[in-house]
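1. let me see the structure of the following:
(one chain, ligands or ions: 1)
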Amino acid sequence: MAAQTLTGPVSAHALIVKAAHFAADRHRDQRRKGSRNTPYINHPLEVAERLVVIGGVDDPELIAAAILHDTIEDTETTRAELAEMFGNAVAALVAELTDTPGQTWQQRKRMEIEHAATISDGAKMIKLSDKTSNVADTVSNPPGDWTISRRRDYLEFASLVADGCRGVNSALEAEFDRVMADARRRLG
Ligand code: ZN
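-> As a prediction, this is how the structure comes out:
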């Protein structure tokens with residue numbers, strides 16, 4: 001079903017552009033944790049680009065969900081709000097990509113690994129692109145306070161999450177493996 005807005009059903013292109021505008025607005029005061037201090041929106045746009053250009057995905061709801069994937073987790077956005085603006089399918093995908101807050105980093109990461117294997121195929125493709133983006137950043141744009149050992153720990157965690165997302169899109173898997181191999185080589 002097409003997403004509903006105040007002006008009625010929208011086209012695939014409109015859905016994607018609206019998602020980009022909405023995400024840019026919600027993330028407007030945020031920066032990536034990395035040392036380069038990039039505007040946060042660069043990350044979801046990169047995830048969506050990987051999905052389309054590498055993964056060959058052309059489902060507008062999946063592309064919109066990739067752009068919106070961090071809005072519930074990292075901004076004031078609710079699932080109901082996304083459902084109203086972008087439709088239930090997009091809202092459900094973003095909800096699947098939202099981590100439950102855990103007590104500790106360790107606990108939260110364990111829950112994310114377990115959860116990744118249970119999500120829908122569409123959500124797995126977005127998650128794989130998300131982890132590829134994060135692994136690439138771990139090498140080229142790491143948070144300033146991350147030691148080499150913390151960065152290596154992140155790679156191990158991302159690799160376990162990616163394992164749960166395999167079997168859905170071989171091009172995205174191959175790209176993840178390539179970026180991960182490069183990261184491991186560089187971080188030793
Ligand atoms: Zn993300």
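2. check which element follows the helix or strand in which residue 92 is found along the chain.
-> For residue 92, the element it lies in under DSSP states H and E is helix 88-96. Per DSSP H and E, the first helix or strand lying C-terminal to helix 88-96 is helix 105-116.
3. just give the number of residues close to the residue in the chain that the ion sits nearest to.
-> Going by CB to the ion, the ion is nearest to residue 130 of the chain, at 4.2 Å. All C-beta spots, glycine's among them, are computed from the backbone N, C-alpha and C. Using other CB atoms under 10 Å, residue 130 has 25 neighbouring residues.
4. tell me the pLDDT at the closest residue to it other than its chain neighbours?
-> With sequence-adjacent residues excluded and distances taken as CB to CB, 6 or more residues apart in numbering, residue 130 is closest to residue 47, at 5.1 Å. If you check residue 47, the pLDDT there is 98.
5. residue 47: neighbouring residues, count only.
-> There are 26 residues near residue 47, going by other CB under 10 Å.
6. by contact count, what packs against the host helix or strand of residue 25?
-> Using DSSP H and E, residue 25 falls within helix 12-26. In this structure, helix 12-26 makes packing contacts with helix 60-68, helix 71-74, helix 79-86, judged by 3 or more CB pairs under 8 Å, 6 or more residues apart in numbering; DSSP states H and E.
7. tell me if the shortest one is near the ion.
-> No: no part of helix 71-74 sits near the ion under the criterion CB under 5 Å from the ion; the closest distance found is 8.1 Å.
8. what is that helix packed up against?
-> helix 12-26, helix 79-86, helix 88-96.
9. tell me the SS of the spatially most central residue of the chain?
-> The residue lying closest to the centre of the chain (CA atoms, centre = their mean) is residue 130, at 3.7 Å. Three-state call for residue 130 (DSSP: H, G, I helix; E, B strand; the rest coil): helix.
10. look at it and report its pLDDT.
-> Residue 130 is given a pLDDT of 98.
11. show me the contacts for the residue nearest to residue 130.
-> 66-67, 69, 126, 129-130, 133 (CB atoms under 8 Å, 6 or more residues apart in numbering).
12. are any of those residues buried, and if so which?
-> Buried subset of the contacts of residue 47 (neighbour count, 16 or more other CB atoms under 10 Å): 66-67, 69, 126, 129-130, 133.
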